[in-house]
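Participant: okay, sequence plus prediction incoming.
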Amino acid sequence: MVNVLLSGSRVCRHFAAPLGRELRARGVDAVLSPDHGPEAADYIVLDPSGPLRDFTPYRRVRAVLSTWAGAEVFATNATLTQPLARMVDPAMTRGMTEYVVAHAMRHHIGLDAHVRGLGGEWQQVLPPLAPERPVTVLGLGEMGRAAAAALSALGFPVTGWSRTPRPLSWLAQSLSGSAGLHAALAGAQILVILLPLTPGTENLLGQTEFACLAPGARIINAARGPIIDDGALLAALESGQVGHATLDVFRQEPLPPDHPFWHHPRVTVTPHVAAETRPDSAAAVLAENIARVERGEPLLNRVDRAAGY
Ligand code: NDP
């Protein structure tokens with residue numbers, strides 16, 4: 001029998017039933033509760049927006065399993081010495097791919113002009129086809145690889161950028177490390193950001209980086225807000241160097257009502273919905289990880305504390 005502490009109200013509300021089901025399906029006898037004390041809990045299933053921050057008393061915990069893909073909240077938490085897994089779920093990856101492709105295609109075919117209406121003017125503007133539209137994807141992990149593959153399959157020449165070299169045959173170009181960043185951005189007409197937030201990516205994109213893009217480039221940030229210098233982005237939108245920014249993530253969430261992004265004519269705000277954790281599929285991922293640890297197998301999707309993601 002294992003005790004699974006459900007930490008955070010969202011986890012308690014949405015995960016108790018599917019996680020119980022998935023654990024039973026794997027033959028794991030478990031008691032799921034928000035009330036297991038530190039001396040009783042064997043696993044913690046965690047909503048990082050919940051209150052738990054001090055993991056010191058949870059000495060018998062075999063693994064902490066986050067329901068989020070981003071690990072920035074805990075990667076630097078010195079009290080969390082137990083193995084930490086982040087959420088990697090094919091359904092979440094699919095959600096992100098759909099979001100990125102939808103917003104990239106919106107910009108690519110100039111959909112806004114038609115959604116707004118041409119006001120009775122029969123204006124035929126011929127957009128370039130995908131092979132003529134260079135796209136750069138920053139981050140080639142679970143999310144970035146899938147989004148880059150979908151965009152490549154549509155015919156876009158996709159440049160990918162990662163921390164370590166990821167030479168994927170279907171990429172037009174694959175670059176890595178700080179030395180490769182400006183070359184990866186050079187001439188991109190659509191920039192997709194799918195990096196984790198770490199000390200190495202915070203404020204990564206500012207005036208110099210925006211200047212590398214093609215004039216009027218479109219930016220899609222579905223990763224984390226602080227990767228972009230907001231002031232530099234507003235200035236680049238003002239000058240026209242950046243034509244539009246589609247932002248799903250922000251330094252402060254919810255985005256404060258008086259933030260200039262809300263009403264900027266060339267900013268699209270979505271409320272951190274690019275790839276939500278879906279309890280049914282995510283519960284299967286959590287249960288599989290618990291079952292693996294119970295069988296003595298290594299944890300999947302383990303966060304590398306040194307790398308910060
Ligand atoms: P992964 O850990 O699988 O991939 C991260 C990628 O970023 C890797 O390719 C990694 O390089 C690269 N990277 C990390 N640090 C650097 C750096 N300093 N320089 C260059 N490249 C770097 O993460 P996921 O793809 O699963 O998720 C990415 C992020 O997306 C999450 O951390 C989260 O913040 C965000 N997210 C947002 C959601 C939303 O709804 N808006 C939903 C889900 C995730 P390498 O390959 O060399 O390791």
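Facilitator: Alright, I've got the coordinates. Residues are numbered from 1 along each chain as shown.
Participant: which residues sit in contact with Ala172?
Facilitator: 134, 152, 157-159 (CB atoms under 8 Å, 6 or more residues apart in numbering). All C-beta atoms are positioned from the backbone trio N, CA, C, and that covers glycine.
Participant: do you know how far it is from Asn221?
Facilitator: 21 Å (CB to CB, to the nearest Å).
Participant: quick revisit: just the buried ones from the contacts of Ala172?
Facilitator: 134, 152, 157-159 (16 or more other CB atoms under 10 Å).
Participant: let's have those in CSV, adding distance to His107, pLDDT and secondary structure.
Facilitator: CSV is the format used below for the buried ones among the contacts of Ala172 (distance: CB to CB, whole Å; pLDDT from 0 to 100; DSSP: H, G, I helix; E, B strand; the rest coil):
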residue, distance to His107, pLDDT, secondary structure
Pro134, 13, 98, coil
Ser152, 17, 98, helix
Pro157, 16, 98, coil
Val158, 15, 98, strand
Thr159, 17, 98, strand
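Participant: can you narrow those to ones near the ligand?
Facilitator: With the criterion set as CB under 6 Å from any ligand atom, no member of these is near the ligand.
Participant: residues from the stretch 1-150 of the chain in reach of the ligand?
Facilitator: Residues of the stretch 1-150 of the chain lying near the ligand (CB under 6 Å from any ligand atom): 69-70, 88, 92, 96, 139-144.
Participant: run a quick neighbour tally on whichever residue of the stretch 1-150 of the chain sits closest to the ligand.
Facilitator: For the stretch 1-150 of the chain and the ligand, the shortest gap (CB to the nearest ligand atom) falls at Gly141, measuring 1.6 Å. If you count neighbours by other CB atoms under 10 Å, Gly141 ends up with 17.
Participant: setting aside sequence neighbours, what's the nearest residue to Met1?
Facilitator: Asp29 (4.9 Å; CB to CB, 6 or more residues apart in numbering).
Participant: neighbours of that neighbour, just the number please.
Facilitator: When neighbours are counted by other CB under 10 Å, Asp29 registers 9.
Participant: just Val115 next, same as before
Facilitator: Counted with other CB under 10 Å, Val115 comes out at 8.
Participant: looking at this, it is in a helix?
Facilitator: Yes. Assessed by DSSP: H, G, I helix; E, B strand; the rest coil, Val115 belongs to a helix.
Participant: give the contact list for it.
Facilitator: So Val115 contacts nothing (CB under 8 Å, 6+ apart).
Participant: tabulate the buried ones among the contacts of Ala172 (a markdown table), appending distance to Gly206.
Facilitator: What follows is these, written out as a markdown table (distance: CB to CB, whole Å):
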| residue | distance to Gly206 |
| --- | --- |
| Pro134 | 21 |
| Ser152 | 28 |
| Pro157 | 25 |
| Val158 | 23 |
| Thr159 | 19 |
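Participant: now stretch 225-236: how far from the chain's centre is it?
Facilitator: 18 Å (CA atoms, centre = their mean, to the nearest Å).
Participant: which stretches of this protein form strands?
Facilitator: Along the chain, counting by DSSP state E, strands occupy 2-7, 30-33, 43-46, 63-66, 84-85, 135-138, 158-162, 173-176, 190-193, 217-221, 242-247, 267-269.
Participant: out of those, which one sits most buried?
Facilitator: Mean neighbours per residue, mean count of other CB atoms under 10 Å, is largest over the strands of the chain for strand 135-138, with a mean of 29.
Participant: give me every residue that touches Arg166.
Facilitator: 140, 145, 160, 174, 176.
Participant: no, scratch that, I was asking about Glu288
Facilitator: Counting by CB under 8 Å, 6+ apart, Glu288 touches 22, 26, 300.
Participant: can you say which of the residues you listed are buried?
Facilitator: Buried among those by 16+ other CB under 10 Å: Glu22.
Participant: now distance to Leu118 and pLDDT too, for the contacts of Glu288, in a markdown table please.
Facilitator: Shown next, in a markdown table, are these (distance: CB to CB, whole Å; pLDDT from 0 to 100):
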| residue | distance to Leu118 | pLDDT |
| --- | --- | --- |
| Glu22 | 51 | 98 |
| Arg26 | 56 | 98 |
| Leu300 | 51 | 97 |
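Participant: among the contacts of Glu288, which lie within helices?
Facilitator: In this view, these that belong to helices under DSSP state H are Glu22.
Participant: any chance of the contacts of Glu288 in TSV, plus distance to Pro165?
Facilitator: Converted to TSV, these look like this (distance: CB to CB, whole Å):
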residue	distance to Pro165
Glu22	36
Arg26	36
Leu300	23
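Participant: now, which of the contacts of Glu288 sits nearest Leu111?
Facilitator: Using CB to CB, Leu300 comes nearest to Leu111 of the contacts of Glu288, at 38.3 Å.
Participant: what about the closest residue to that closest one other than its chain neighbours, how many neighbours?
Facilitator: Closest residue to Leu300 apart from its sequence neighbours, by CB to CB, 6+ apart: Asn289 at 5.5 Å. Counted with other CB under 10 Å, the neighbours of Asn289 add up to 24.
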